[in-house]
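S.K.: okay, here's the prediction I keep looking at, along with the sequence it came from:
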Amino acid sequence: MSKRILVIVSILFTLVSCKDFLKPTSENEFVPTTIQDLDEMLLYETYARTLTTTNPFFDLLTDDAAVVRFGGTESNLLSSVRLASIKAVFTWQPNIYRAFEEDHLYESQYDAYSSCYSKILGCNAVMDYIGTVEGKEEARIMLTAEALALRAFWYFQLVNIYGQPYSYDPDALGVPLHLHSKVSSASIPRNTVKEVYDQVLQDLKASEKEFLSLPVEKHWKPNLRVSLPFVHLMLSRVYLYMEDWQNASLYASKVIENGNFSLIDKSGFPSAGTYMYFHYYNNPEVIWPFSNSAFFSEFMDPYMIDISKGGKVSFVVADASLLNLFDDKDIRKTHYLVPDKRSTSFKAFGKLALQGGDNSPDSNNKFARSVRLSEAYLNKAEAEAMMFLEGMGEEHKTEAVNLLKTMWSKKIDEVPSSYLDDRTAASLVKTVRNERRRELCFEDHRWFDLRRQGMPKINHKWMGDHSDSQVTTYELTKNDPMYTLQIPENVMVRNDKLIQNPAGPIRVGQ
């Protein structure tokens, strides 16, 4: 990295570190002079290098995760995250950040708010200087398109973590829109959910326009950078969350019709007993791989020692309600889900690179997430099913069913009859959503899907140790306030214009 970029990065880090974001103390600013300066800054500051920006504990909040009774005492757990942190998330307690601090976790391990904003500020810096630096016009257009796409992506993450679902209340408080990199001492209040969505759409549409002005061969490359098909898939996702079914379907089609990608075929799955790493370009579905599993095992792969079973046993596992959605004929059950080697359980993660004899995530710079083609099929199928439900024509039912059958033909040897129920529009929507849960399990979609699909009631059972027969049921009620996470306390302290999200009560039953 050049000395010039080291100076830029140093200044940006000062501005956006977890302690200083949105309340910087210095008015010093280094001015970049070339496109290369900005390109290096974009790579360093705005592309996801850690899992924090997607939150390593999302699946603990959902109905896809469960816990087993731990053997012995808390000291039996082999994890850097202690039992209190896991329990705080799993039981939707409003004081989860306090539990993390008491367990001596670093902010970088859980503070998605600050992490996303640091990347947004990098995007803003590119946009502020892109018209003033020297360089080729094609490179300027490409960099502008990437910065806009990434800013939209990070804002979309933020508003769906810390704001109400758009489908529930678009006028509720979202997150602050900060669209410039200039140093300011002013605190920034929260914009509404709708205002943030509008900005996301504006950035994605502007990015699309920039990409389309480039030669076709520049629209996508397997180079770990965002692209035109990434923008199209994000537009499909955003419109789906907004319940704009026609546009969700339209932009999903653009991804499906892109010749660079194809559904992974079952013949490409490894042999039985061999687990598949999913989030890289060896998978023909992958549009953009991102993040890594550095912090993943701390929340989703804690072990405990159970001598009766020969050693390490998983503590957090896949919930039965998810497992029961997979028919035994569906080979994805053993390729998407990771079996625990010393029990009949499956681990509460999937599609990651593994290491060691205990099927643990490989944290050595392996990508943990990706944007991929199957989501486009599922976005379009749900949009079409919803248009059928809303009385917009029988052809939408046909389209939804055909999309599902196309996916299944590539991924399942024999499609179980239970997978498809299109007797009514409502049952077709349920069919699509069940398939979405199967196909996208443990890829950070489920929490967002539960939110936008009506925030249903969820029960989590917390078990004591082997000497304690009590099972405590915690309940997330329908439309519960805890479907929207609270803003981290360290962020609230730094920005006195922020209003905290309401904390729901901890609901306990037997």
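M.R.: That came in fine, so what should we check first?
S.K.: kindly format the C-alpha coordinates of stretch 253-269 as CSV.
M.R.: The C-alpha trace of stretch 253-269 is given here as CSV (Å, rounded to 0.1, in the frame of the first residue of the first chain):
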residue,chain,number,x,y,z
SER,A,253,-34.9,-12.1,-13.5
LYS,A,254,-31.9,-10.0,-14.5
VAL,A,255,-29.8,-12.1,-12.3
ILE,A,256,-31.3,-15.4,-13.4
GLU,A,257,-30.8,-14.5,-17.0
ASN,A,258,-27.1,-13.5,-16.5
GLY,A,259,-25.0,-16.1,-18.2
ASN,A,260,-22.1,-15.9,-15.7
PHE,A,261,-24.0,-17.9,-13.1
SER,A,262,-25.8,-21.3,-12.9
LEU,A,263,-27.5,-23.3,-10.2
ILE,A,264,-25.1,-25.7,-8.6
ASP,A,265,-26.0,-29.2,-9.8
LYS,A,266,-26.3,-32.1,-7.4
SER,A,267,-23.7,-34.0,-9.4
GLY,A,268,-21.3,-31.3,-8.3
PHE,A,269,-21.9,-32.1,-4.6
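S.K.: go through that stretch and flag the buried ones.
M.R.: Buried residues in stretch 253-269, counted by 16 or more other Cβ atoms under 10 Å: 253-256, 258, 261, 263-264, 269. (Glycine included, C-beta is placed from N, CA and C.)
S.K.: okay, and which of the residues you listed map to helices?
M.R.: 253-256 (DSSP state H).
S.K.: that older thread, turn the buried residues of stretch 253-269 into CSV, including pLDDT.
M.R.: Output for the buried residues of stretch 253-269, formatted as CSV (pLDDT from 0 to 100):
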residue, pLDDT
253, 98
254, 98
255, 98
256, 98
258, 98
261, 98
263, 97
264, 94
269, 86
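S.K.: what about residue 411, how many neighbours?
M.R.: The number of residues packed near residue 411 is 22, by other Cβ atoms under 10 Å.
S.K.: before we move on, what's the pLDDT of it?
M.R.: Listed pLDDT for residue 411 reads 92.
S.K.: circling back to that earlier point, could the buried residues of stretch 253-269 be laid out in CSV, adding distance to residue 349?
M.R.: Listed next are the buried residues of stretch 253-269 as CSV, based on distance: Cβ to Cβ, whole Å:
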residue, distance to residue 349
253, 31
254, 30
255, 25
256, 27
258, 28
261, 24
263, 22
264, 19
269, 18
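S.K.: elements contacting the longest helix along the chain?
M.R.: When the chain is parsed with DSSP H, its longest helix is helix 137-162. Applying 3 or more Cβ pairs under 8 Å, 6 or more residues apart in numbering; DSSP states H and E, one finds that helix 137-162 contacts helix 35-45, helix 112-129, helix 193-212, helix 228-242.
S.K.: buried set for it?
M.R.: Quick answer for helix 137-162 (16+ other Cβ under 10 Å): 140-162.
S.K.: ok, now stretch 234-251?
M.R.: Quick answer for stretch 234-251 (16+ other Cβ under 10 Å): 234-242, 245, 247-251.
S.K.: contacts only, for the nearest residue to residue 300 once chain neighbours are set aside.
M.R.: Counting by Cβ to Cβ, 6 or more residues apart in numbering, residue 300 lies nearest to residue 349, which is 4.9 Å off, once chain neighbours are set aside. For residue 349, the contact set (Cβ atoms under 8 Å, 6 or more residues apart in numbering) comprises 59, 296, 300-301, 338, 361, 442.
S.K.: reformat the ones in helices among the buried residues of stretch 253-269 as a markdown table; add distance to residue 484.
M.R.: Shown next, in a markdown table, are those (distance: Cβ to Cβ, whole Å):
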| residue | distance to residue 484 |
| --- | --- |
| 253 | 32 |
| 254 | 31 |
| 255 | 29 |
| 256 | 32 |
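S.K.: ok, these vs residue 388, which is closest?
M.R.: residue 253 (16.6 Å; Cβ to Cβ).
S.K.: quick one: the closest one and residue 383 touch, right?
M.R.: No - using Cβ atoms under 8 Å, residue 253 makes no contact with residue 383, being 9.9 Å away.
S.K.: what is the burial count for residue 225?
M.R.: When neighbours are counted by other Cβ under 10 Å, residue 225 registers 17.
S.K.: can you list contacts of the helix or strand residue 99 falls within?
M.R.: Secondary structure from DSSP states H and E places residue 99 in helix 96-102. Helix 96-102 is touched from outside by 84-85, 87-89, 93, 109-110, 485-486, 488-490, with contacts defined as Cβ under 8 Å, 6+ apart.
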